[in-house]
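A.B. asks: Have a look at this prediction, sequence included:
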Amino acid sequence: MVLLLVTLCFCFTGSYTTIAEDVSYSIDLLLDSISALIKTDNYSRITLPSINKNGLHCDAGVFSDLSTIHRTGNATIDIQGDYMALISTSLGLTEFRLAYRKCVVAGVFRRSLRITAPEDSVTLQLSVHHKGTRCYAVLNSINIDLQNLQVYTGDKWYNKTEDWLINWLIKLNKDRLLESIYDVIWKQAKFTEITYPNKTTIL
């Protein structure tokens, strides 16, 4: 996500006329390139902390897929004078998946766990500020919707019972799950500053 904010700064600098004509299209092209870079550099997965609460204990969690990032709302550009612009857009993830290598459910079931959610369950709002030789890319907000999670433990007949139980436990642990996801995203993308002409990056 830091890569996204940094690239936005470099992309938008000095291009006000072009971007004003079609801001959303410019961002779509940029996100396509960023998605390819995320896949190439294996940045699509984020490690999550363990869950140990309300009868559910899961380790080795991974949140993915950051490479499915895309625009979910129209982008806007607000040019303020000759040297400052504010660019805002909403971004989401087509694929929202949580996977835990090992889970103990109510002290009985021990197996891997896969959780998916509908498209755009994660929405991010960011803005890019450019003034003179300074460029700020700021992640303004994150919204995560866990209302329609789908749990999968396997294809056997007894997995349906496990899935029902885990769904219930996931709802009990929703706050903990949200906290984990918020933490890892904010740590990676809360604020980025690019300074020109030296092009130094402060993370």
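C.D. replies: That came through, no problem. Numbering: from 1, shown residues only.
A.B. asks: tell me the mean pLDDT over stretch 61-80?
C.D. replies: Mean pLDDT, computed over stretch 61-80, is 77.
A.B. asks: got the CA positions of that stretch in PDB?
C.D. replies: These are the backbone C-alpha positions of stretch 61-80, laid out as PDB (Å, rounded to 0.1, in the frame of the first residue of the first chain):
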ATOM      1  CA  GLY A  61      -3.100 -16.000   9.600                       C
ATOM      2  CA  VAL A  62      -2.800 -14.300   6.200                       C
ATOM      3  CA  PHE A  63      -5.000 -11.500   4.700                       C
ATOM      4  CA  SER A  64      -5.100 -11.200   0.900                       C
ATOM      5  CA  ASP A  65      -5.300 -10.200  -1.900                       C
ATOM      6  CA  LEU A  66      -3.900  -6.600  -2.100                       C
ATOM      7  CA  SER A  67      -3.200  -7.100  -5.800                       C
ATOM      8  CA  THR A  68      -7.000  -7.000  -6.500                       C
ATOM      9  CA  ILE A  69      -7.000  -3.300  -5.500                       C
ATOM     10  CA  HIS A  70      -9.300  -1.200  -7.800                       C
ATOM     11  CA  ARG A  71     -11.200   2.100  -7.800                       C
ATOM     12  CA  THR A  72     -14.700   1.900  -6.200                       C
ATOM     13  CA  GLY A  73     -15.700   5.600  -6.600                       C
ATOM     14  CA  ASN A  74     -15.200   8.500  -9.000                       C
ATOM     15  CA  ALA A  75     -11.900  10.300  -8.400                       C
ATOM     16  CA  THR A  76     -11.800  14.000  -8.100                       C
ATOM     17  CA  ILE A  77      -9.100  16.700  -8.300                       C
ATOM     18  CA  ASP A  78      -9.300  20.000  -6.600                       C
ATOM     19  CA  ILE A  79      -6.700  22.500  -7.900                       C
ATOM     20  CA  GLN A  80      -5.900  25.100  -5.300                       C
END
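A.B. asks: Buried ones in stretch 89-106, by neighbour count?
C.D. replies: By neighbour count with 16 or more other Cβ atoms under 10 Å, stretch 89-106 contains the buried residues 89-100, 103, 105. Bear in mind the C-beta positions are built from the backbone N, C-alpha and C, glycine included.
A.B. asks: For that stretch, the averaged confidence score.
C.D. replies: Summarised as a single mean, pLDDT over stretch 89-106 is 76.
A.B. asks: CA atoms only for it, dumped as CSV, please.
C.D. replies: This file holds the C-alpha atoms of stretch 89-106, laid out as CSV (Å, rounded to 0.1, in the frame of the first residue of the first chain):
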residue,chain,number,x,y,z
THR,A,89,-10.6,8.5,-4.6
SER,A,90,-12.0,5.4,-3.0
LEU,A,91,-10.3,2.1,-3.5
GLY,A,92,-11.5,-1.5,-2.7
LEU,A,93,-10.4,-5.1,-3.0
THR,A,94,-12.1,-7.5,-5.4
GLU,A,95,-10.8,-10.5,-3.3
PHE,A,96,-11.0,-10.4,0.5
ARG,A,97,-9.7,-13.6,2.0
LEU,A,98,-8.5,-14.7,5.4
ALA,A,99,-6.6,-18.0,5.8
TYR,A,100,-5.3,-19.6,9.0
ARG,A,101,-3.0,-22.6,8.8
LYS,A,102,-4.1,-24.0,12.1
CYS,A,103,-7.4,-23.4,14.0
VAL,A,104,-8.7,-25.0,17.2
VAL,A,105,-12.5,-24.5,17.5
ALA,A,106,-14.1,-24.9,20.9
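A.B. asks: Fine by me, we can end here.
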